[in-house]
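Student: With the sequence up front, the predicted model follows.
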Amino acid sequence: MPKWFALALCSAGALMLAMAVRQSSRGRESRHWTRTLGRVVESRVELLNEADEQRSRRWGFVIRYAYEARGRAQGSRQIWIGSAGVAYEDEERALEWVERFPKGAEVTVWFDPAAPSQAVLVPGVPGAQVALLVLAGLALVGIGIFLLSRA
C-alpha cells in the first residue's frame with residue numbers, strides 16, 4: 001500500500017474529527033443564541049434517490065423558514081447545526097420533521113447574534129451525528145496508522 005494513501009486516510013480522519021469538534025462546539029453555542037419568532041414557509045418530504053441494486057431509497061426533508069433579526073428579513077433551511085444533507089432510509093423519519101414544522105406554523109428561531117443569517121429551529125447537535133463523525137474519523141486515522149506501520 002503506498003505511503004501517500006495511508007497519509008490521505010489519516011488526513012481524512014483528522015478532518016472528520018475536526019468537523020465533529022466544530023459541530024459540537026457550534027451546537028453548544030446555538031443553545032445561547034438570540035431567540036425570535038419565525039414562520040415556516042415550506043415544509044415537505046423529498047425523495048433523494050431511487051433504489052437500485054447497491055442502495056435503498058433515501059428520503060430527506062425541506063423545511064424553509066423566515067424570521068427577522070436586527071430589523072432585517074432572514075431565511076434559512078438549517079434545522080440544527082449540520083442538518084444539511086440528512087437522509088433517511090425510512091420516509092416516516094423525514095415525515096416526522098415535516099409534521100413537527102408544518103408550512104405556515106409559527107416557530108421559535110435561534111439565530112447567531114454575530115451572524116444573524118445563521119439560524120436553527122433546534123439548538124444543539126444530535127449526539128449520534130457527532131458520534132458518527134468521531135467513530136468514522138478514528139477508524140480512518142487508525143487504518144492509516146496501521147498501514148503506515150506496515151510500510
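Tutor: That came through, no problem. Numbers count the residues shown, from 1 in each chain.
Student: now could you export just the CA positions of stretch 39-58 as CSV?
Tutor: The C-alpha trace of stretch 39-58 is given here as CSV (Å, rounded to 0.1, in the frame of the first residue of the first chain):
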residue,chain,number,x,y,z
ARG,A,39,-42.7,31.2,10.2
VAL,A,40,-42.3,28.0,8.2
VAL,A,41,-42.7,28.9,4.5
GLU,A,42,-42.0,25.5,3.0
SER,A,43,-42.2,22.0,4.6
ARG,A,44,-42.1,18.8,2.6
VAL,A,45,-40.6,15.3,2.3
GLU,A,46,-38.2,14.8,-0.6
LEU,A,47,-37.1,11.6,-2.3
LEU,A,48,-33.3,12.0,-2.7
ASN,A,49,-32.7,8.9,-4.8
GLU,A,50,-34.4,5.9,-6.2
ALA,A,51,-33.5,2.4,-5.1
ASP,A,52,-31.1,0.3,-7.2
GLU,A,53,-29.0,-2.9,-6.6
GLN,A,54,-26.5,-1.1,-4.4
ARG,A,55,-28.6,1.1,-2.3
SER,A,56,-32.1,1.7,-1.0
ARG,A,57,-34.3,4.7,-1.4
ARG,A,58,-33.2,7.8,0.7
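Student: Show me what the strand or helix carrying residue 29 is packed up against.
Tutor: For residue 29, the host element (DSSP states H and E) is helix 3-30. In terms of contacts (3 or more CB pairs under 8 Å, 6 or more residues apart in numbering; DSSP states H and E), helix 3-30 is packed against strand 106-112, helix 127-150. Where C-beta positions appear, they are placed from N, C-alpha and C, glycine not excepted.
Student: Turn these into a markdown table, including mean pLDDT.
Tutor: Shown next, in a markdown table, are the helices and strands packed on helix 3-30 (pLDDT from 0 to 100):
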| stretch | mean pLDDT |
| --- | --- |
| strand 106-112 | 97 |
| helix 127-150 | 84 |
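Student: So which of the ones you listed is the most surrounded?
Tutor: strand 106-112 (a mean of 18; mean count of other CB atoms under 10 Å).
Student: ok, that one: who's next to it in the sheet?
Tutor: strand 34-49 (antiparallel), strand 115-120 (antiparallel) (DSSP bridges).
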